[in-house]
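Undergrad: just need the structure, nothing else, for what follows:
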Amino acid sequence: MSDVPPNLTWERAAPPDATGPGPWIEIAFGEGQGDDDGEAPVYLRETSDPDTVVTTNRRKWDAFVLGVQAGEFDHFVEGVEELESPPHA
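TA: Below is the predicted model of the structure:
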């Protein structure tokens, strides 16, 4: 994990009402040359293994997010049952 800056702000990709340790995916955006720097690093990790970090860039991350929104990855979840929400107190 030596190439990962120590001062990143990690955002957890979990439903707002999610509780418990997950595992959840966390995302952090690194610094670039400007607000629209497509080569700026994007870091991803899983809460159960925070020392393993995958790095991509903002251009690829944005393309992935747009693909998810457009349904390009829906076939990966065909037949997967939706997780049940925990009971609310």
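Undergrad: contact partners of the one helix or strand residue 59 maps to?
TA: Using DSSP states H and E, the element containing residue 59 is helix 58-69. Residues outside helix 58-69 that contact it (C-beta atoms under 8 Å, 6 or more residues apart in numbering): 29, 32, 37-42, 56, 73. Every residue, glycine included, has its C-beta placed from N, CA and C.
Undergrad: what's the burial count for residue 32?
TA: 15 (other C-beta atoms under 10 Å).
Undergrad: now, of the contacts of helix 58-69, which are buried?
TA: 40-42 (16 or more other C-beta atoms under 10 Å).
Undergrad: hang on, residue 33 packs against residue 41?
TA: No: Residue 33 sits out of contact with residue 41 when judged by C-beta atoms under 8 Å, with a separation of 11.5 Å.
Undergrad: where does the prediction get shaky in the protein?
TA: The chain contains residues with pLDDT under 70 at 1-2, 82-89.
Undergrad: the strands in it, which residues?
TA: With DSSP state E, the ranges of strands along the chain come out as 11-13, 25-29, 41-46, 49-57.
Undergrad: quickly compare these and say which is most buried.
TA: Comparing the strands of the chain by mean neighbour count (mean count of other C-beta atoms under 10 Å), strand 41-46 ranks first with a mean of 18.
Undergrad: adjacent strands (with direction) for that strand?
TA: If you go by DSSP bridges, strand 41-46 pairs up with strand 25-29 (antiparallel), strand 49-57 (antiparallel).
Undergrad: need those strands in TSV (columns: distance to residue 7).
TA: Conversion of the strands paired with strand 41-46 to TSV gives the following (distance: least, C-beta to C-beta, whole Å):
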stretch	distance to residue 7
strand 25-29	10
strand 49-57	14
